[in-house]
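Novice: no sequence for this one, just the structure:
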């Protein structure tokens, strides 16, 4: 009984720590350095893409790496302390992604989970991540739509999870992560369909509140 309670306590602590780590809004903090509220710029998203459009690569690249790092470190915590193998890493990683998307520090606003999911994938599914990154680069280079590249890359990772190297549990987990990314991109999907989505490199002028 005590061992079971200890396991529940450790799992709860790792999940909470992962959520809070994921909830650190690096994009919001980076924009604050420039006196800008990133939630009122462009898409209102705190992820690296909106930071890039608003502040440029010098701010967006560190945000991208830190957001991915949140997912990777949370997955490592799951591997290290939960004693469940990849399921433990995925559980902790999912908590970090939830924190990033719905940050308690920003009244449950945040990003779309792509970079943080990539961080989790780096630890748990490195080959799927590499394939997804290759697809992302090709799609963005061809279309200049970051959102389209993210979506196609995510669903490619899911399709590749049907290779023999992965279990049904792995496929289900990848599906849920990809589904979350897709739901978070629902406004982008609507703009892609209507032809109003911004292309990579288009700037958002700081101080201008835009709906997309």
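Specialist: Done, it's in. Source: prediction; values computed, not measured.

Novice: next structured bit after the helix or strand where residue 70 lies?
Specialist: With elements taken from DSSP states H and E, the one containing residue 70 is helix 57-81. Elements were assigned by DSSP H and E; along the chain past helix 57-81, the next helix or strand is helix 86-101.

Novice: on contacts alone, who are the packing partners of the next helix or strand after that following helix?
Specialist: Next helix or strand after helix 86-101 toward the C-terminus (DSSP H and E): helix 114-124. Packed against helix 114-124 by the contact rule (3 or more CB pairs under 8 Å, 6 or more residues apart in numbering; DSSP states H and E) you find helix 57-81, helix 86-101, helix 126-143, helix 146-160, helix 168-184. Any C-beta I mention is one placed from the backbone N, CA and C, and that applies to glycine too.

Novice: can we see that at 10 Å?
Specialist: Using 3 or more CB pairs under 10 Å, 6 or more residues apart in numbering; DSSP states H and E, the elements in contact with helix 114-124 are helix 2-23, helix 48-55, helix 57-81, helix 86-101, helix 126-143, helix 146-160, helix 168-184.

Novice: now it and helix 48-55, what's the angle there?
Specialist: In terms of direction (axes from the mean of the first three to the mean of the last three CA atoms, to 10 degrees), helix 114-124 departs from helix 48-55 by 140 degrees.

Novice: now helix 114-124: mean pLDDT?
Specialist: Here the mean pLDDT over helix 114-124 is 95, rounded to a whole number.

Novice: between it and helix 126-143, how big is the angle?
Specialist: Calculated by the same axes, to 10 degrees, helix 114-124 forms an angle of 150 degrees with helix 126-143.

Novice: buried stuff in helix 114-124?
Specialist: The neighbour-count criterion (16 or more other CB atoms under 10 Å) identifies 114, 115, 116, 117, 118, 119, 120, 121, 122, 123, 124 as the buried residues of helix 114-124.
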